[in-house]
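Novice: have a look at this prediction, sequence included:
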Amino acid sequence: MNFAEYLNQCMQQVNCSASELSRESGLSQAVISRYRSSIRVPSLGSEPLSRIIKALAKMSQEREDKPFTEEELTENICEILRDEPGSVVLSSDSLNDILISMNINIKKLSQSISYDPSYLSRIRSGQRRPSNPITFVQGVISYLMDNCDRKQLCETTSRLSGRSSEELAADEELAAALTDLMIRRWDSDPADISAGDNECVLDFVRKLSEFDLDEYIRAIHFDTLRVPTSPVRLPASRVCYGIEDMKQCELDFFRQTVLSRSQESIYMCSDMDMEDMAQDVEFGRKWMFAIAASIKKGLRLNVIHTLDRPLNEMMLGLEAWIPLYMTGQVSSWYLPGSRDKAYSHLHYASGAAALSGECIRGHHDSCRYYLTNNRKEISFYRNYCEGLFDHAKPLMAIFTRENRPRFESFMSNAVSARGSRRMILCAPPLSCISEELLNRILKRNGHTQKGEVLSLAQSEKKQLDTILSSDICAVELCAVSREEFEAHPAALSLSGLFPEHNIFYTYEEYREHLAQAEAYFSRYPQCTLTVTDRPGFRNIRIHILKGRWAMVSKNVSPAIHFVIRHPKLRRAFENMELPVVM
């Protein structure tokens, strides 16, 4: 028996609902839901676990003839958690990645480690946990090292762990790296993030929810921005020193790029400390104008973000890029591993210019920059940047109307991936609506693309049916009051179509769709539904496949989807607690 099963058993014994346990323990219903569905497990000695034990014991004393005590609950739970997340748990996501990458024959693996194939399948999907994760993983690793091509195994482990193949040359290093991938130590990766970290993630989602692209375009005059075509002449090469010269070099790089005839993409990678530059508001305005002019020209920006910094700084940096992400012309990347502690570097390259810089960390005022428009040197620096990007990993995939086929391909693959999921929905999903109700809403709105909307509803229903029939899923759905609805009308969730216009409900239509959604989710025993009347975000849908990615989707026009894979960012979304709005 695992923790989730024991918790559900105790709740049933004391006739306690999730909302009652939430109220009595002071934990949110979302947290209780994730504990009940095995998506999260409390650590031994943690405050959430202590609150649950006290709440269950109190309700047992009030409701049962033979109540159980706090001591009995604590002893039973400790016994369960010793083989579970109190020490270690298996990462089914990493296990699947390795088995799929190595094309492992599951039947032969099952025989080797003495597991029934069907039980192994449930372990891979996250529905079951091995009683002893360490022994299980050791058996899998032994099979891999005895039956797989060593070079391919090293390459796969290197790709998934971020460690070099040279580091994995010795058997013990390879086995240790595989163990680290498949075993998650919960005490070193706590389920709960700090209140400050949680708030900065919420701020990012709020800004995305409230962002109005049309308003932003008008504010910066992007719609009337004209890109000059007269080429600018700069020296073939130029060296500059210090912060002020460096600022001018960056602006000159973009000026040369925008005014040239070249349509080649721009590469940008920098781990320079930006605090002193950020204090110069005028430079910041000119820099953002230069970026806007590059996008207006139609150039694609490939950007390596520096993420080896506190989470709040990471999220603030990403917030500034939201308007640029909306264009669909920006690709975001990161370099795995820690950045150099002593040196800082900058590398920009376009089809018309190249800029490189270096300094000792903490001595930005003593930096040295080199700007060139010499063709041979531009070729060198573009190759240099392309080499950097070969080592980079996608920070996030960004899907807009312009790359809709890529989004549809991602969603098709996402359905077949197995694991624990979490969905945070600001409105009932289109997959739960009846055809009669959908037709009624479309007719009232005079919508001309009825066939496309109906096709999307059928496609999303098929996808969600597949997910909920095989995966553990915690769904958080908001049901707003009439007053809230009248202040902020809800729209159909059509982000999969990337619509140019929103289709709004009446309140009666909204409540009817909500009832259909509740009935739909209740049909799936592996799905835990939490309905709240406290909206966290009005226009955002979040879908998380634990250990793989977190997708943040803006439902209203212009629709956009961010699929976040970076471990630190992804975990922040996995453990995000929605705000309580009174």
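Specialist: Structure's in. What do you need?

Novice: confirm Glu402 sits in a strand?
Specialist: No: membership of Glu402 in a strand is not supported by DSSP: H, G, I helix; E, B strand; the rest coil, which gives helix.

Novice: in the stretch 401-550 of the chain, which spans are helices?
Specialist: For the stretch 401-550 of the chain, the helices defined by DSSP state H, counting those that start in this stretch occupy 404-416, 435-445, 450-468, 482-487, 507-522.

Novice: which one of those lies nearest to Glu79?
Specialist: helix 450-468 (31.9 Å; CB to CB). All C-beta spots, glycine's among them, are computed from the backbone N, C-alpha and C.

Novice: isn't Cys426 up against Ile542?
Specialist: No: using CB atoms under 8 Å, Cys426 makes no contact with Ile542, being 9.0 Å away.

Novice: more neighbours: which of those two?
Specialist: Cys426 (24 against 21; other CB atoms under 10 Å).

Novice: how close does the more buried one get to Ser350?
Specialist: Computed with CB to CB, to the nearest Å, the distance linking Cys426 and Ser350 is 39 Å.

Novice: coming back round to it: export the helices of the stretch 401-550 of the chain to a markdown table and tack on distance to Ser142 and mean pLDDT?
Specialist: Below are the helices of the stretch 401-550 of the chain laid out as a markdown table (distance: least, CB to CB, whole Å; pLDDT from 0 to 100):
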| stretch | distance to Ser142 | mean pLDDT |
| --- | --- | --- |
| helix 404-416 | 29 | 85 |
| helix 435-445 | 53 | 91 |
| helix 450-468 | 33 | 91 |
| helix 482-487 | 57 | 88 |
| helix 507-522 | 41 | 94 |
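
Novice: Ile100: which of these is closest?
Specialist: For the helices of the stretch 401-550 of the chain, the distance to Ile100 is smallest for helix 404-416, at 10.7 Å, taking CB to CB.

Novice: report all helices and strands that that closest one contacts.
Specialist: strand 393-399, helix 450-468 (3 or more CB pairs under 8 Å, 6 or more residues apart in numbering; DSSP states H and E).

Novice: if we go to 10 Å?
Specialist: When contacts are defined as 3 or more CB pairs under 10 Å, 6 or more residues apart in numbering; DSSP states H and E, helix 404-416 sits against strand 393-399, helix 450-468, strand 540-545, strand 549-554, strand 560-564.

Novice: Asn132: which of these is closest?
Specialist: Set against Asn132 and scored by CB to CB, the helices and strands packed on helix 404-416 come closest in strand 540-545, at 26.1 Å.

Novice: so for that closest one, mean pLDDT?
Specialist: Looking at strand 540-545 alone, the average pLDDT works out to 88.

Novice: ok, back up a step: redo the helices of the stretch 401-550 of the chain as JSON lines? Include mean neighbour count.
Specialist: Formatted as JSON lines, the helices of the stretch 401-550 of the chain follow (neighbours: other CB atoms under 10 Å):
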{"stretch": "helix 404-416", "mean neighbour count": "14"}
{"stretch": "helix 435-445", "mean neighbour count": "14"}
{"stretch": "helix 450-468", "mean neighbour count": "16"}
{"stretch": "helix 482-487", "mean neighbour count": "12"}
{"stretch": "helix 507-522", "mean neighbour count": "17"}
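
Novice: out of those, flag the one nearest Leu56.
Specialist: Using CB to CB, the helices of the stretch 401-550 of the chain put helix 507-522 closest to Leu56, at 24.5 Å.

Novice: what helices and strands are in contact with that closest one?
Specialist: On a contact count with 3+ CB pairs under 10 Å, 6+ apart, helix 507-522 meets helix 435-445, helix 450-468, strand 473-478, helix 482-487, strand 527-532.

Novice: what's the last one packed up against?
Specialist: Looking back up the chat, that one is strand 527-532. helix 18-25, helix 29-36, strand 421-425, helix 450-468, strand 473-478, helix 507-522.

Novice: make TSV from the ones you listed and add distance to Leu178 to it.
Specialist: Formatted as TSV, the helices and strands packed on strand 527-532 follow (distance: least, CB to CB, whole Å):
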stretch	distance to Leu178
helix 18-25	37
helix 29-36	28
strand 421-425	25
helix 450-468	28
strand 473-478	28
helix 507-522	37
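
Novice: how is the protein divided into domains?
Specialist: 3-81, 89-184, 195-213+399-574, 225-391 (automatic domain parsing).

Novice: show me the shaky parts of the stretch 301-450 of the chain.
Specialist: 308-320, 337-341 (pLDDT under 70).

Novice: give me that answer again for 90
Specialist: In the prediction, the stretch 301-450 of the chain carries residues with pLDDT under 90 at positions 304-345, 359-367, 387-422, 424-427, 445-450.
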